[in-house]
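Engineer: predicted model and sequence follow; I will ask about them next.
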Amino acid sequence: MGGPQELELTMRNRVAAAALVLAALAASQARADAVADFYRGKQINLVVGYGPGGGYDVYARLVGRHLGRYLPGQPTVVVQNMPGAGSLRAVNYLYNVAARDGTMLAHFARNMPLLGMLGNNANAQFDARRFVWLGSSSSFANDAYILITRTDAPVKTIEEARRPGGDYLVLGGTAEGATGNDVPIILRDTIGLNVKRVVGYPDSGALFLAMERGEVHGRTTDLSSVRTIKPDWLKPGSGFHVLVQFARATRHPDFPDVPTARELARNDAARDLIELTELPYKLSRPFAAPPGVPPERAKALQAAFAAIHRDPLYLEEAARLNIDISPMSADEVVAALERIEKAPPQLLDYLRKLFAESKG
């Protein structure tokens, strides 16, 4: 047993430690109060890089309806559509123009980060690694990127669509590296798909309308988007059918008879290309804030984004909308970007050529 001096020293150490803990708690509370004071009564603008009615718009508005409840101060969240260049306009705005105080967010195409990282497009005026990433609402775990076509198109099956010298599928797309443009090219180069593209449609809604009118034979798009916007198209006798699945290591359970792109790859090199180009789908529905947001507000935004994806009301509404919720954290988004950055140079060179061609 120690003497009086040792006991006194131990007591002093305990008091000092307790004081440090209390000081840390007080500082943490002060930071939280400061974040709440900042957001209280304010409006957060959530920019979505597409027009109303498409899949990205659905996700943005769902997040917008719930995010404010989990932010200190409970600000109002207002969604604003900023279509243009496959959401490149919105990404450039977020990076170069948007306020950096935590009141501006954006939701944009999954492959915009890749477009910026490749560094060969002068119109991509941003560094994806500098964004404050909130996360992604979907990791595509329960989704698929499908080639869906009219059943009255000249090409009826995926075998016919790959036949050398056969008829072409005319597929619609938007612009500037959007996935509706680049996936048909990837399928052409890796599985031998005979395809011609009609690009420049302003948004997903316009593309669905073009298919209905017969302006194009089909398009590539998220299965979840079709389920939400055109669910009848997935029913037998609808006049539309799915020919191939992209961004799937295995066949989606709802389409056991539809092959994946990986299955149809011409060779191992083609399969490697498919797997690399499927990586952006891991961050399928990304949300970000501009660089330079104050750290405490950035943490509050990331925490709120994570929280809504565990919220029963949010999940119930997502289920009613038939959209995939398989979230990724901010750290997981950054890890996915790092994996892309470390890909073999020859595959990254292919992607640079791909984006150059997919501008149309």
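Structural biologist: That came in fine, so what should we check first?

Engineer: I figured residue 244 was touching residue 259, is that so?
Structural biologist: Yes. If you go by CB atoms under 8 Å, residue 244 and residue 259 touch, sitting 6.1 Å apart. Heads up, the C-betas are built off the backbone N, CA and C, glycines and all.

Engineer: helix, strand or coil for residue 45?
Structural biologist: Three-state call for residue 45 (DSSP: H, G, I helix; E, B strand; the rest coil): strand.

Engineer: actually residue 337, sorry about that
Structural biologist: Going by three-state DSSP: residue 337 is helix.

Engineer: which residues does it contact?
Structural biologist: Residues near residue 337 by CB atoms under 8 Å, 6 or more residues apart in numbering: 113, 117, 128, 129, 283.

Engineer: residue 350 versus the spatially closest residue to the second one that is not a sequence neighbour, what's the distance?
Structural biologist: It refers to residue 117. Leaving out its chain neighbours, the residue that sits closest to residue 117 by CB to CB, 6 or more residues apart in numbering is residue 128, at 5.6 Å. Distance from residue 128 to residue 350, counting by CB to CB, to the nearest Å: 19 Å.

Engineer: ok, residue 59 - how many residues close by?
Structural biologist: Residue 59 has 27 neighbours, counted by other CB atoms under 10 Å.

Engineer: again, but for the one 5 residues further on
Structural biologist: The number of residues packed near residue 64 is 20, by other CB under 10 Å.

Engineer: contact partners of whichever helix or strand it is part of?
Structural biologist: According to DSSP states H and E, residue 64 maps onto helix 55-67. Contact partners of helix 55-67, identified using CB under 8 Å, 6+ apart, comprise 44, 46, 48-51, 77-79, 81, 87, 107-109, 137-138, 204, 221-222, 224-225, 228-229, 285, 287, 304-305, 308, 311, 313-314, 317-318, 321, 323.

Engineer: off-centre distance for the helix or strand that comes right after that helix?
Structural biologist: Following helix 55-67 in sequence order, the next helix or strand is strand 76-81 (DSSP H and E). Centroid displacement of strand 76-81 relative to its chain, using CA atoms, centre = their mean, to the nearest Å, is 18 Å.

Engineer: quote the end-to-end distance of stretch 120-139.
Structural biologist: Criterion CA to CA, to the nearest Å; first-to-last residue distance in stretch 120-139 is 26 Å.

Engineer: state the mean pLDDT of that stretch.
Structural biologist: What stretch 120-139 shows for mean pLDDT is 96.

Engineer: just stretch 331-338 next, same as before
Structural biologist: Taken as a whole, stretch 331-338 has an average pLDDT of 95.

Engineer: and it, what's buried?
Structural biologist: Across stretch 331-338, burial judged by 16 or more other CB atoms under 10 Å covers 332, 333, 334, 336, 337.

Engineer: now distance to residue 161 too, for the residues you listed, in TSV please.
Structural biologist: Output for the buried residues of stretch 331-338, formatted as TSV (distance: CB to CB, whole Å):
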residue	distance to residue 161
332	35
333	34
334	37
336	30
337	33
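
Engineer: no further queries at this time; thank you.
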